[in-house]
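> Give me coordinates for this.
(one chain, ligands or ions: 1)
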Amino acid sequence: MSTTFPDGFLWGGATAANQIEGAYNEGGKGLSIQDVMPRGILTPPTEAATEDNLKLEAIDFYHRYAEDIALFAEMGFKVFRFSIAWSRIFPRGDEETPNEEGLAFYDRVLDELERHGIEPLVTISHYETPLHLARAYNGWKSRELIGFYERYCRALFERYGQRVKYWLTFNEINSVLHQPFMSGGIPNQKEELSEKDLYQAIHHELVASARATRLAHEISPGAKVGCMLIAMPAYPLTPDPADVVAAMHFDHDNYAFGDIHCRGEYPGYLLRFFREHGIELDITDQDREDLTHTVDFVSFSYYMSICQTADPAKDIKGPGNVLGGVPNPHLQASEWGWQIDPQGLRVVLNDYWERWQKPLFIVENGIGAVDELVQVDGTKTVLDDYRISYLNDHLVQAREAVADGVQLLGYTTWGCIDLVSASTAQMSKRYGFIYVDRNDDGSGTLERYRKKSFDWYRQVIATNGAALQ
Ligand code: BGP
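Prediction:
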């Protein structure tokens with residue numbers, strides 16, 4: 001395989017504010033929904049922030065960002081994906097004016113990135129809706145959130161529009177269907193919500209995303225705005241055509257979000273679903289016009305694929321990233337049961353490219369694993385060959401997709417520095433090239449150590465992918 005990655009390919013890593021920053025009540029920050037989710041998505045939220053939540057301190061990026069960004073620069077990062085904590089900028093979410101201290105923090109982060117020549121890639125909303133918006137408005141169920149989000153976006157674009165080119169509107173927007181609280185700030189269990197409630201909330205997010213895209217283009221004409229999806233290809237469990245149709249339905253649930261972001265209108269299969277389920281959404285003429293402001297590129301997370309079946313007896317879901325599905329008998333899994341499928345990434349890249357004809361950006365990929373800190377030549381490190389192998393194999397498939405003709409802007413590994421897990425709120429589910437000394441019980445010095453994969457990734461970036469095996 002001689003084809004390499006395109007010139008200017010954006011190599012880097014990805015994080016989210018609530019999983020790295022800590023300082024949950026500093027700098028005028030309000031509470032976000034994550035501050036009351038001490039167990040991730042495993043148990044319902046608590047009434048208030050409890051100390052028993054690793055995210056309150058996380059890895060203290062709020063105070064250590066300069067040291068961390070210097071380490072990213074040492075690996076040769078071209079891009080760093082991070083999210084802005086909405087509740088740092090608008091502590092309750094419904095204020096008229098932004099919190100200057102919050103804005104100033106991200107100025108400092110951007111200064112540091114600029115100093116190292118690292119391009120920022122900013123997620124505007126990554127599972128961290130201000131708690132007040134969840135409690136007082138029922139999160140995205142309320143149409144009022146569109147206006148609050150737009151005000152927040154305006155504050156960001158006006159402040160950082162000259163310095164940030166790449167924006168993502170909502171992290172893994174298709175997850176609202178599955179995790180209404182974490183993803184949509186809707187304070188109900190999924191079972192308590194009607195399908196209409198869920199799709200109405202989704203509609204509000206889609207309109208907000210389109211309005212943000214238009215606003216970014218107005219305020220800073222060079223801006224590139226992307227949607228962000230969970231990519232999880234569904235294979236039919238058997239060649240039975242009924243299984244193929246089951247896989248198609250699963251794909252539709254996810255494609256719908258990309259179709260609306262890229263084509264500017266609801267796809268026929270979703271309209272049919274609404275008709276057949278008696279779902280009548282409140283969609284205004286203005287909403288329809290807003291939705292026509294389509295994204296510049298499509299970004300996605302990719303961790304795994306799954307199978308689908310029409311046979312209820314075989315429809316037994318395994319663990320996985322938010323969506324889950326029937327395990328594939330041909331694949332191995334990570335320690336957390338997420339099945340490993342590098343070729344699925346090539347399939348997704350080809351599929352999305354052919355479907356939407358928009359540049360693609362892989363903004364999350366990686367393996368959560370238990371790491372052991374060891375001494376090698378007097379230096380503490382982690383011999384994480386399993387991580388190197390996972391990332392290598394996925395990048396080889398991304399390179400195949402580029403050779404297939406897919407336009408790929410960049411690749412950011414998930415959790416380039418160890419961080420708190422979104423689903424389990426553990427520290428021990430590690431993804432990073434950089435080990436952070438912090439344990440699930442909250443103990444640890446927060447010292448950073450380079451893992452074996454740190455040097456491996458440095459070489460991959462330095463050779464623009466030629467070092468891949
Ligand atoms: C995605 C989220 C991230 C991240 C990642 C890994 O769904 O966008 O925030 O955490 O998955 O998941 P986890 O942390 O549950 O291992």
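
> which helix of the chain spans the most residues?
Looking only at the chain and at elements set by DSSP state H, the helix with the highest residue count is helix 195-219.

> Packing partners of that helix?
In this structure, helix 195-219 packs against helix 144-160, strand 166-170, helix 180-184, strand 224-231, helix 241-263, helix 285-291, with contacts taken as 3 or more Cβ pairs under 8 Å, 6 or more residues apart in numbering; DSSP states H and E. Glycine gets a C-beta too; all of them are placed from N, C-alpha and C.

> Give me the pLDDT value at the residue nearest to residue 98 when sequence neighbours are not counted.
Leaving out its chain neighbours, the residue that sits closest to residue 98 by Cβ to Cβ, 6 or more residues apart in numbering is residue 155, at 4.3 Å. The predicted structure scores residue 155 at 98 on the pLDDT scale.

> ditto for residue 1
Taken from the predicted model, the pLDDT recorded for residue 1 is 47.

> Hmm, residue 227 is touching residue 256, no?
No. Between residue 227 and residue 256 no contact is recorded; they are 11.5 Å apart, counting by Cβ atoms under 8 Å.

> Between these two, point out the one with more neighbours.
For residue 227 versus residue 256, neighbours defined as other Cβ atoms under 10 Å are more numerous around residue 227 (28 against 20).

> Relative to residue 406, which of the helices and strands packed on helix 195-219 is closest?
Across those, residue 406 has its closest neighbour in strand 224-231 (12.9 Å, Cβ to Cβ).

> Only alpha carbons, please: show the closest one as PDB.
Taking C-alpha atoms only, strand 224-231 is exported to PDB below (Å, rounded to 0.1, in the frame of the first residue of the first chain):
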ATOM      1  CA  LYS A 224     -16.200  25.200   8.600                       C
ATOM      2  CA  VAL A 225     -19.000  23.600  10.600                       C
ATOM      3  CA  GLY A 226     -19.600  19.900  10.900                       C
ATOM      4  CA  CYS A 227     -22.200  17.600  12.400                       C
ATOM      5  CA  MET A 228     -20.900  14.800  14.600                       C
ATOM      6  CA  LEU A 229     -22.400  11.300  14.500                       C
ATOM      7  CA  ILE A 230     -21.800   8.000  16.200                       C
ATOM      8  CA  ALA A 231     -20.800   5.800  13.300                       C
END
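
> Run through who's touching that strand.
With Cβ atoms under 8 Å, 6 or more residues apart in numbering as the test, strand 224-231 has contacts from 123, 165-175, 209, 212-213, 216-217, 254, 257-258, 261-262, 295-302, 321-323, 348, 352, 361, 363.

> Go back to the residues you listed and keep what's next to the ligand.
If you filter the contacts of strand 224-231 for contact with the ligand, counting by Cβ under 6 Å from any ligand atom, you are left with 171-172, 301, 321-322.

> Verify the stated contact: residue 14 with residue 415.
Yes. Because the distance of 7.3 Å satisfies Cβ under 8 Å, residue 14 is recorded as touching residue 415.

> ok, these two, which is more surrounded?
Applying other Cβ under 10 Å to residue 14 and residue 415 shows that residue 14 carries more neighbours, namely 29 against 25.
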